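Engineer: quick one: sequence plus predicted model below, questions after.
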Amino acid sequence: MWRLKIADGGNDPYIFSTNNFVGRQTWEYDPHAGTTEERAQVEEARRNFYDNRFKVKPCGDLLWRFQVLRENNFKQTIDGVKIEDGEEITYEKATTTLRRGTHHLAALQTSDGHWPAQIAGSLYFIPPLVSS
C-alpha cells in the first residue's frame, strides 16, 4: 500500500534541507502495510477512479486524504445541512456549513502545517476556498 511520508528526509546522506524538510512529500510503497479495511477502502477508491476516469479527470488525492484523516483520528461531529430547492439560506445554515468545512480542512492539515496534494494545474491552491 502506498504511504505518504511528510517532512521526512530519510537516511540518505545526499539529501539535505535547510528547513528540516518542511513541505517535503514522499510516497513509499509497502506491500504489507495497512489493515484489511484500509486496503479495501483504497481498492474501492481505485476502482471508482478507473470507472469514472473519462468523466472526472482529477485524482481527488484520496490516498493521502484517507491516510491523514485516519492518522488525525478525524470524526465529523458537525451535522450536514440540507437545503432544498427554493429554501432560504439562513445565517445559521451558512455558519454550520462553514464550520463543517473548516473542521474537515483542519483535519487534513499535516504535522508540518501543509496540505499535501497533487497540483497538476495552476500554481495556486484553492481547496480552502471551495471545501465548504
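Structural biologist: Looks like it arrived, so ask away. Numbers count the residues shown, from 1 in each chain.

Engineer: helix, strand, or coil at the residue most central in space within the chain?
Structural biologist: Within the chain, one residue has its C-alpha closest to the average C-alpha position: by C-alpha atoms, centre = their mean, that is residue 65, at 2.9 Å. Secondary structure, DSSP: H, G, I helix; E, B strand; the rest coil: residue 65 is helix.

Engineer: show me what contacts it?
Structural biologist: residue 108 (C-beta atoms under 8 Å, 6 or more residues apart in numbering). C-beta here means a position set from N, CA and C on the backbone, and glycine is covered the same way.

Engineer: separation between it and residue 79?
Structural biologist: Distance from residue 65 to residue 79, counting by C-beta to C-beta, to the nearest Å: 21 Å.

Engineer: ok, now residue 64?
Structural biologist: 26 Å.

Engineer: neighbour count for these two, which is higher?
Structural biologist: residue 64 (20 against 8; other C-beta atoms under 10 Å).

Engineer: all helices for the protein, in order.
Structural biologist: 36-51, 62-71, 91-107, 127-130 (DSSP state H).

Engineer: residue 20: how many residues sit nearby?
Structural biologist: 10.

Engineer: doesn't residue 7 make contact with it?
Structural biologist: Yes: using C-beta atoms under 8 Å, residue 20 is in contact with residue 7, at 6.7 Å.

Engineer: about what we covered before: which one, of the helices of the chain, ends up nearest to residue 12?
Structural biologist: For residue 12, the closest of these is helix 62-71, at 22.0 Å, according to C-beta to C-beta.

Engineer: list the buried residues of the closest one.
Structural biologist: Using 16 or more other C-beta atoms under 10 Å as the test for burial, helix 62-71 gives 63, 64, 65, 66, 67, 68.

Engineer: do the same with stretch 22-32
Structural biologist: 24, 25.

Engineer: now stretch 6-19
Structural biologist: 6, 7.

Engineer: what mean pLDDT does that stretch have?
Structural biologist: Within the predicted structure, the mean pLDDT of stretch 6-19 is 82.

Engineer: distance from that stretch to the middle of the chain?
Structural biologist: 23 Å (C-alpha atoms, centre = their mean, to the nearest Å).

Engineer: could you export it as CSV, CA atoms only?
Structural biologist: Below are the C-alpha coordinates for stretch 6-19, written out as CSV (Å, rounded to 0.1, in the frame of the first residue of the first chain):
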residue,chain,number,x,y,z
ILE,A,6,5.7,14.1,5.4
ALA,A,7,8.8,16.2,6.2
ASP,A,8,11.0,13.1,6.1
GLY,A,9,14.4,13.2,4.6
GLY,A,10,15.2,9.6,5.3
ASN,A,11,18.7,8.5,6.0
ASP,A,12,20.1,9.4,2.6
PRO,A,13,23.4,11.4,3.1
TYR,A,14,22.9,13.1,-0.2
ILE,A,15,19.6,14.7,0.7
PHE,A,16,19.8,17.8,2.9
SER,A,17,17.5,20.5,4.0
THR,A,18,17.8,24.0,5.4
ASN,A,19,14.2,23.9,6.8
